[in-house]
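Chemist: sharing a model prediction with you, sequence too.
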There are 2 protein chains.
Amino acid sequence: MHDEASRHDEPLMIRSKIWIERNDVVVLSDWRVELLEAIDAHGSLRRAAEHLDVPYRTAWDRVKATEAALGIRLLETASGGADGGSSHLTPQAREACRRFRRVSSGVQEVLARRFQTEFHGSE
Amino acid sequence: MHDEASRHDEPLMIRSKIWIERNDVVVLSDWRVELLEAIDAHGSLRRAAEHLDVPYRTAWDRVKATEAALGIRLLETASGGADGGSSHLTPQAREACRRFRRVSSGVQEVLARRFQTEFHGSE
DNA sequence: CTGCGTTATGCTCAGCCATGCCTAACGCTC
DNA sequence: GAGCGTTAGGCATGGCTGAGCATAACGCAG
């Protein structure tokens, strides 16, 4: 033990995660919303995945899991064509993202401010 | 696939985690603070562990990890004696808990209120 | 009809982490 | 000194998750 990997030269950081679940399974999370927004921005699941530096397989899994948990269709996809294919968000997907953003907005900033006050960036 | 475990009869729930880390290792978290407070309340690591329904081994590991990451001594322990032994928080441990509580206080309530507004308890 | 890039999905494997089991030391009581 | 309950820690194991690999289908361009 005592690998001493926790060197004390780096500063402390406050972090947080926010998600929605049902029956102990994740329905929506900040990361998943990021993924959906990246898909929307790139028009492609594959490009979104590599933009977030996560395997395509993983990204696809999460989208499917989210669709199942949320019970709504999130993507309108097309395979084949000049560009190989595409993925776009459904209106309900965009609405879900917006709602989630409204729920979680500002929390990290509040935490960062309080953290600064209590731990003043060191310990 | 499609194990259909995500039945839609149960309501959605908003959840969150808050923690402090350094160099990607957890230094303090809401769960760890709970553990420390339970130790303080019971005067024993073992009783705190079973109160939180977690193996003693795990609880002890987390305390040690927290001490290492935080760089301060958290427990004053004694083994042997009439009661078998005891664990009590050091003043610095209590101070760390208080600070963390001040940082994270109220967040869950705010999220719950917003969540209620956006998803009104269903979907 | 061949090639290309994307969607879609199954399968395997490795790594991590929690859990559990075991042992030792301690110090009080009887 | 035997017993008890607690702290302290080593070690094995099992399960879950992510990552990687493989494959098929699709539809347009050339």
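Modeler: The structure has been received and is ready for your questions.
Chemist: show me what contacts the spatially most central residue of chain A?
Modeler: With distances taken as C-alpha atoms, centre = their mean, A:W31 lies nearest the centre of chain A, 1.2 Å away. Counting by C-beta atoms under 8 Å, 6 or more residues apart in numbering or on different chains, A:W31 makes contact with nothing. Using the backbone N, CA and C atoms, a C-beta is placed for each residue, glycine as well.
Chemist: which helix or strand contains it?
Modeler: If you go by DSSP states H and E, A:W31 is part of helix A:30-42.
Chemist: what does chain A put close to DNA strand D?
Modeler: Residues of chain A that fall close to DNA strand D, judged by C-beta under 7 Å from any atom of the strand: A:M1, A:V54, A:P55, A:R57, A:T58, A:A78, A:S79, A:G80, A:G81, A:A82, A:G84, A:G85.
Chemist: want to throw those into CSV with secondary structure?
Modeler: Converted to CSV, the residues of chain A next to DNA strand D look like this (DSSP: H, G, I helix; E, B strand; the rest coil):
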residue, secondary structure
A:M1, coil
A:V54, coil
A:P55, coil
A:R57, helix
A:T58, helix
A:A78, strand
A:S79, strand
A:G80, coil
A:G81, coil
A:A82, coil
A:G84, coil
A:G85, strand
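Chemist: per-residue pLDDT, the residue nearest to the centre of chain A?
Modeler: Predicted confidence (pLDDT) for A:W31: 97.
Chemist: now do the one 4 residues further on
Modeler: On the pLDDT scale, A:L35 is placed at 98.
Chemist: for the closest residue to DNA strand D within chain A, phi and psi?
Modeler: Taking C-beta to the nearest atom of the strand, DNA strand D has its nearest neighbour within chain A at A:G80, 2.0 Å off. Backbone geometry at A:G80, expressed as degrees, to the nearest 10, gives phi 90, psi 170.
Chemist: from memory A:G85 sits against A:L75, does it?
Modeler: No. Using C-beta atoms under 8 Å, A:G85 is not in contact with A:L75, being 11.3 Å away.
Chemist: which one of these two has more residues nearby?
Modeler: Neighbours were tallied for A:G85 and for A:L75 using other C-beta atoms under 10 Å in any protein chain shown; the higher tally belongs to A:L75 (20 against 14).
Chemist: could you list everything that one pairs with in the sheet?
Modeler: Taking DSSP bridges as the rule, A:L75 bridges to A:L89.
Chemist: I'd say it and A:T66 touch.
Modeler: No. The pair A:L75 / A:T66 is not scored as a contact, 9.9 Å apart, by C-beta under 8 Å.
Chemist: got the contact list for A:L74?
Modeler: Counting by C-beta under 8 Å, 6+ apart, A:L74 has contacts A:L36, A:V63, A:T66, A:E67, A:L89, A:T90, A:Q92, A:A93, A:A96.
Chemist: how about the nearest residue to it, chain neighbours excluded?
Modeler: Nearest residue to A:L74, sequence neighbours excluded (C-beta to C-beta, 6 or more residues apart in numbering or on different chains): A:A93, at 4.1 Å.
Chemist: just checking, what packs against the lengthiest strand in chain A?
Modeler: Secondary structure of chain A per DSSP state E: the longest strand is strand A:13-22. Contact here means 3 or more C-beta pairs under 8 Å, 6 or more residues apart in numbering or on different chains; DSSP states H and E; on that basis strand A:13-22 packs against strand A:25-29, helix A:30-42, helix A:91-104, helix A:107-119, strand B:13-22, helix B:107-119.
Chemist: could I get these as JSON lines with distance to B:L45?
Modeler: Converted to JSON lines, the helices and strands packed on strand A:13-22 look like this (distance: least, C-beta to C-beta, whole Å):
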{"stretch": "strand A:25-29", "distance to B:L45": "32"}
{"stretch": "helix A:30-42", "distance to B:L45": "34"}
{"stretch": "helix A:91-104", "distance to B:L45": "35"}
{"stretch": "helix A:107-119", "distance to B:L45": "25"}
{"stretch": "strand B:13-22", "distance to B:L45": "21"}
{"stretch": "helix B:107-119", "distance to B:L45": "26"}
